[in-house]
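Trainee: no letters, just coordinates:
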């Protein structure tokens, strides 16, 4: 019986403040998967599979460098390079699952725990619609239900935002509720806020069927919504920023700053 993996059901919200105000909110759900439990989940659940087609699924190629290399192995490699030792701890991935074989995750978060249950680091994996991925690896130095982190933006995501920005993260560590707020700032002025929040639900076949019926074809809706909102912003007069070509590689920022309240 698994103890850490679960569903979170809630919503995602974006609000832009400048140069034009813009706001939207959508219902959504995520899975939190302990990567040491994922094979067991695939065997136990009828509606969820690892590396094969199902109503819901998780493929190793959906994260990391896009290869078939187990994601857990890739995460451990990044942590080792950053000088972080989990001491036989665990890694839990918060993401949207594949739905009927399709997935697009604007943001996935790896919560990296030591064996004593304390959070050692987070890895924010960002995907853009050009098929590129990037990670922001940030250590956690204090045991708190809410952590605050910051780092410089180093990856092209929205065609309407510059690279010369900073991200401020406020994360409620997964428990009965998850909440992640990201502020994008330029010259210390807030340009945008993105938030996701959800309540914990059991990761069971019944729970998966409930969210499939309540929020069907979630991942298709995500990519459709991204393009629809981009069109709305363009119609509001926002200008597209230049995107330099970038190879399909994953970078890391192990020395990113963290602020703890």
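Mentor: Happy to help now that I have it. Keep in mind that what you see is a predicted model, and the values were worked out from it rather than measured. Numbers count the residues shown, from 1 in each chain.
Trainee: nearest spatial neighbour of the residue sitting nearest the centre point of the chain, chain-adjacent residues omitted?
Mentor: When Cα atoms, centre = their mean is applied to the chain, the residue found nearest the centroid is residue 108 (1.7 Å). What sits nearest to residue 108 in space, not counting adjacent residues and going by Cβ to Cβ, 6 or more residues apart in numbering, is residue 95, at 3.9 Å. Where C-beta positions appear, they are placed from N, C-alpha and C, glycine not excepted.
Trainee: how about the strands of the protein, start to end?
Mentor: Applying DSSP state E to the chain gives strands spanning 6-16, 22-34, 48-50, 56-58, 90-95, 98-99, 107-113, 119-127, 133-139, 146-152, 166-172, 177-186, 189-202.
Trainee: go ahead and confirm the residue nearest to the centre of the chain touches residue 97.
Mentor: No - under the criterion of Cβ atoms under 8 Å, residue 108 is not in contact with residue 97, lying 10.7 Å apart.
Trainee: list the beta-bridge partners for the closest residue to residue 176 other than its chain neighbours.
Mentor: Nearest non-adjacent residue to residue 176, counting by Cβ to Cβ, 6+ apart: residue 200, 5.1 Å away. Bridge pairing for residue 200 (DSSP bridges) gives the partners residue 8.
Trainee: quick check: pLDDT value at residue 200.
Mentor: Note for residue 200: predicted pLDDT of 98.
Trainee: kindly report the same for the one 5 residues further on.
Mentor: Looking at residue 205, its pLDDT is 97.
Trainee: ok, it - how many residues close by?
Mentor: Neighbourhood size, residue 205 [other Cβ atoms under 10 Å]: 15.
Trainee: do residue 46 as well
Mentor: Residue 46, neighbours per other Cβ under 10 Å, totals 10.
Trainee: try residue 101
Mentor: 13.
Trainee: likewise for the one 10 residues further on?
Mentor: Here the number of neighbours of residue 111 (other Cβ under 10 Å) works out to 23.
Trainee: doesn't residue 173 make contact with it?
Mentor: Yes - taking Cβ under 8 Å as the contact criterion, residue 111 and residue 173 are neighbours in contact, 7.1 Å apart.
Trainee: identify the contacts common to the two.
Mentor: residue 119 (Cβ atoms under 8 Å, 6 or more residues apart in numbering).
Trainee: ok, and the closest non-adjacent residue to residue 21?
Mentor: With Cβ to Cβ, 6+ apart as the criterion, residue 21 has its nearest non-adjacent residue at 7.9 Å, and that residue is residue 15.
Trainee: was I right to think the one you found contacts residue 192?
Mentor: Yes - judged on Cβ under 8 Å, residue 15 makes contact with residue 192 at a distance of 6.8 Å.
Trainee: if you count what's nearby, which of those two comes out ahead?
Mentor: Set side by side, residue 15 and residue 192 show more neighbours around residue 192, with 20 against 14, by other Cβ under 10 Å.
Trainee: hang on, the earlier thing: now the strands of the chain as CSV including distance to residue 218?
Mentor: As requested, the strands of the chain are exported to CSV (distance: least, Cβ to Cβ, whole Å):
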stretch, distance to residue 218
strand 6-16, 11
strand 22-34, 6
strand 48-50, 14
strand 56-58, 10
strand 90-95, 12
strand 98-99, 5
strand 107-113, 14
strand 119-127, 15
strand 133-139, 20
strand 146-152, 26
strand 166-172, 22
strand 177-186, 16
strand 189-202, 12
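Trainee: distance check, residue 85 against residue 79.
Mentor: 8 Å (Cβ to Cβ, to the nearest Å).
Trainee: give me the more crowded residue out of these two.
Mentor: A direct count of neighbours by other Cβ under 10 Å for residue 85 and residue 79 places residue 79 higher, at 23 against 12.
Trainee: what packs against the top helix by length along the chain?
Mentor: Ranked by residue count, the top helix of the chain under DSSP state H comes out as helix 218-235. Where contact means 3 or more Cβ pairs under 8 Å, 6 or more residues apart in numbering; DSSP states H and E, helix 218-235 is packed against strand 22-34, strand 98-99.
Trainee: out of those, which gets nearest to residue 179?
Mentor: With Cβ to Cβ as the criterion, residue 179 lies closest to strand 22-34 of the helices and strands packed on helix 218-235, at 11.8 Å.
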